[in-house]
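1. Next comes the sequence, and after it the predicted model I'd like to discuss.
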Amino acid sequence: MINLVILVFVGGAIGAMAREFLMLSVPHLSEGFPMDILVANVVAAFLLGLVAGLHKRRALSDDVNTMVGTGIMGGLSTFSSFAYGTVVLMSASTLGAVVAIAYVLVSLALGYGAVVLGMKLGERGASQPG
């Protein structure tokens, strides 16, 4: 049990640092649109799907799955920033509510698609012997 906690702890630290570097490199769009948060969450969703697919076909151990899937992807993705960005968009302008709703819908659609794509890529070769 303690090993799993350490794996998640170390993975979370790596993921949080990766998120910060990613968020510093992605510019905000007009009207304060949080493109950096969207990119971080979609990248994390894709990588989580990829890790889940690889784990499903046993290409990754349980420990690696825990460290990467729970730790790193948990640190990389950011629900609280997603929620905060939505609130900021809502209050940004007269079109804020429309932009915020679009942001939420785009985030959900891209995140879902990223997980599905990642899982398909991770599972690729699962039916092949060997």
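-> Perfect, I can see it now.

2. what's the closest non-adjacent residue to the residue nearest in space to the middle of the chain?
-> Residue closest to the average C-alpha location in the chain (CA atoms, centre = their mean): Ala44, at 2.2 Å. Leaving aside its sequence neighbours, Ala44 sits nearest to Ser77 (CB to CB, 6 or more residues apart in numbering; 3.6 Å). The way it works is simple: take the backbone N, C-alpha and C, and place the C-beta from them, glycine included.

3. what residues are up against that neighbour?
-> By CB atoms under 8 Å, 6 or more residues apart in numbering, the contact list for Ser77 reads 15, 19, 40-41, 44-45, 48.

4. Restricted to helices, list those.
-> Using DSSP state H, 15, 19, 40-41, 44-45, 48 are the members of those that sit in helices.

5. Adding pLDDT, write those residues out as TSV.
-> Below are the ones in helices among the contacts of Ser77 laid out as TSV (pLDDT from 0 to 100):
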residue	pLDDT
Gly15	97
Arg19	95
Ala40	95
Asn41	96
Ala44	96
Ala45	96
Leu48	96
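
6. so can I have a markdown table of the residues you listed showing distance to Tyr103?
-> Shown next, in a markdown table, are the ones in helices among the contacts of Ser77 (distance: CB to CB, whole Å):
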| residue | distance to Tyr103 |
| --- | --- |
| Gly15 | 22 |
| Arg19 | 18 |
| Ala40 | 14 |
| Asn41 | 11 |
| Ala44 | 17 |
| Ala45 | 15 |
| Leu48 | 20 |
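
7. now the helices for the chain?
-> 2-25, 35-56, 62-65, 73-76, 79-92, 96-123.

8. Averaged pLDDT, the last one. What do you get?
-> With pLDDT averaged residue by residue, helix 96-123 scores 95.
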